[in-house]
Structure formats: C-alpha cells, structure tokens
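>>> got a sequence here, can you build the structure:
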Amino acid sequence: MTHDEIIEGLRKIDTPTITNVVATYPTNPLCLGLYNPWTENWYTDTSIRCIYPGRGATVGYAATCVWGMPDPNYTGRRSMLDMLSAIETMKKPTILVMQQKWPEGIKQRAGLAGEVMVTCMKAVGCVGMVSDGPSRDIDAIRQMDFQLLLGGVTAGHGEMAIQSINVPVSVGGMDVAPGEMIHMDENGAVKFPADKLKAVLRNARELQKEEAARMSALQQATSAAEIRAIFGGHSYVAPEPPRD
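Below is the predicted model:
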C-alpha cells in the first residue's frame, strides 16, 4: 500500500476502533499495546469536543504550537508565518495540535483560530486542529472541509502571541510530540507513533471484521447464556470462574 492509501484507509475507521488497537485492550492479540491505557496521556478527555461531528475521521501528522499572551520580556516571539512555515515543511496531511496558555479567566474567551488562520493553514497542507481552548468563525470554517476539536467556541479575543512551535504539548489530556500521528472524529482524538501506521490500519481492519461478526451474533441473541458464549475468550469481558 502507498502512504496515501494507508491514510485514506485510516479515514474510513472510527477513532474508538483505533484506540482499541493502539492500547485500550492490551490482552487482545490485535492490540499493539503502545501505551499503558490508564497512566499515559494518549487520547483526549471530555474537555475537548468535535465541532463538525458529521465529517467522519481526520488523520494527519501532528504539528504543534503554544499560544498565549504577549510577553515583552520574551525576545524569541514567533509569528503566525513561522507556524505556517513549520507546517509546510512537515509530511502531509498535517493536523495542528495547539496548546493555549492564558491567565485565569481569559482562556475561555480567546477565540483563537478563525476563518483567516484556518484558510492559511489549509494552504500549507493542514486538514484539522485540536486545541484545548476555543476558536471562532465556525460557520465559515464549516465550508472548508477542515475539522476542529476544541475546548469551546467564542466570538472574540485580544492580542495574542505564539510562544513556541513544534515542541511537545499537552492538549485535552493528550500529550503530543511533533510528527506523531493524530486520528480524530466526533469521539475525540488519539495519537500513535508514525512508524506504526501500517500496523494500526492492518489491526484495525481485522478488529472491524471481528466486531462485525460479533455484533451480528449479539443482535440475534435472546439470552445471557448466548451472550456469554459469543464473548467467550474475548478481552472485552473478564474470564468467568470455573463452574461446578
């Protein structure tokens, strides 16, 4: 398979299935066990919501940045053009993972990435953004085939500044390094190493086949005994103790 075929294949799979093969069920043979599912921050929490839930899955390589208040003592202040240049040099498609650091009471009011910024991001190969703060212009962005997973929506903002570009960030309970893969849909986002692209797609497809067969059987079950038999030996449920 080509790289583009792998990306397109992943876009046809929902994010919970991807989490299942990345780390959720470590005893399942199809789970890659890339992270301890509870102790590592590898997927987003309930503080992040999908703005365009009907759009399906979005997949890309993570570009990262940190935004916040202008700091007159910080001589290394970066511009939006620096951020766009960094995105442009990365493997495509790209998803921007944007951490927002604001003083108390401001974060919920910073409608950061609007129509202009997203238009520029799309021009350099970005297909979506995950941010722990709000954005705006979601009516205009809805027409752009660009996915947003955000901490909320608000109409305005004040003066802002980029603090850093392509550094490790933490957004909505997910720790992300530049170049990691992001898979996201209306359920949230998950990360995994880019060198696991083929393995994640292969195992996710196999899991889909298993789950389709299991769901077909469950939909016809009429007793707990039948359900127990369907789940026998499967990692979704704990093994039952021996019966006398």
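
>>> go ahead and flag the most central residue of this protein.
Residue closest to the average C-alpha location in the chain (Cα atoms, centre = their mean): Ala189, at 2.2 Å.

>>> my guess is it is in a helix, correct?
No - under DSSP: H, G, I helix; E, B strand; the rest coil, Ala189 sits outside any helix and is assigned strand.

>>> for it, give me its contacts.
Ala189 sits next to Thr15, Tyr43, Thr44, Ile48, Val130, Leu149, Gly172, Met174, Ile182, His183 when contact means Cβ atoms under 8 Å, 6 or more residues apart in numbering. Any C-beta I mention is one placed from the backbone N, CA and C, and that applies to glycine too.

>>> which residue packs closest to the fourth one, ignoring adjacent ones?
By the measure of Cβ to Cβ, 6 or more residues apart in numbering, the closest residue to Ile48 outside its immediate chain neighbours is Gly172, 3.7 Å from it.

>>> do the same with the last one
Spatially, and ignoring its direct neighbours in sequence, His183 is nearest to Ile18 (4.7 Å; Cβ to Cβ, 6+ apart).

>>> where does this structure dip in pLDDT?
For the chain, the stretches with pLDDT under 70 are 233-244.

>>> mind listing the helices for it?
3-11, 15-19, 80-89, 115-123, 138-141, 197-220, 224-230 (DSSP state H).

>>> the third one to helix 115-123, inter-axis angle?
Interaxial angle, helix 80-89 versus helix 115-123 (axes from the mean of the first three to the mean of the last three Cα atoms, to 10 degrees): 30 degrees.

>>> and the longest one, by the same measure?
Counting by the same axes, to 10 degrees, helix 197-220 points 110 degrees away from the direction of helix 115-123.

>>> which outside residues touch helix 197-220?
The contact list for helix 197-220, computed with Cβ under 8 Å, 6+ apart, reads 1, 3, 6-7, 9-10, 13, 17-18, 20-22, 28, 30-32, 181, 192, 227, 230-231, 234.

>>> mind giving me the PyMOL command for buried ones among these?
Here is the PyMOL selection string for the buried members of those, based on 16 or more other Cβ atoms under 10 Å:
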select buried, resi 6+7+9+10+13+17+18+20+21+22+28+30+31+32+181+192+230
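
>>> returning to that earlier point: mind checking how far the nearest residue to the residue nearest to the centre of the chain once chain neighbours are set aside is from Thr15?
Counting by Cβ to Cβ, 6+ apart, the nearest residue to Ala189 once its immediate chain neighbours are dropped is Thr44, at 4.7 Å. According to Cβ to Cβ, to the nearest Å, Thr44 stands 9 Å off from Thr15.

>>> next: Ile106.
30 Å.

>>> when those two are compared, which one has more neighbours?
Taking Ile106 and Thr15 together and counting by other Cβ atoms under 10 Å, Thr15 has the greater number of neighbours (24 against 15).

>>> now do the contacts for Thr24.
With the criterion set at Cβ under 8 Å, 6+ apart, Thr24 makes contact with Cys31, Pro37.

>>> quick one: it from Ile141, how far?
31 Å.

>>> and what of Ser170?
Relative to Ile141, and taking Cβ to Cβ, Ser170 is found at 24 Å.

>>> please apply the same query to Asn73.
34 Å.

>>> more crowded one of the two?
Ile141 (23 against 4).

>>> and for the more buried one, nearest residue in space, chain neighbours not counted?
Nearest to Ile141 is Val118, by Cβ to Cβ, 6+ apart, at 5.2 Å.
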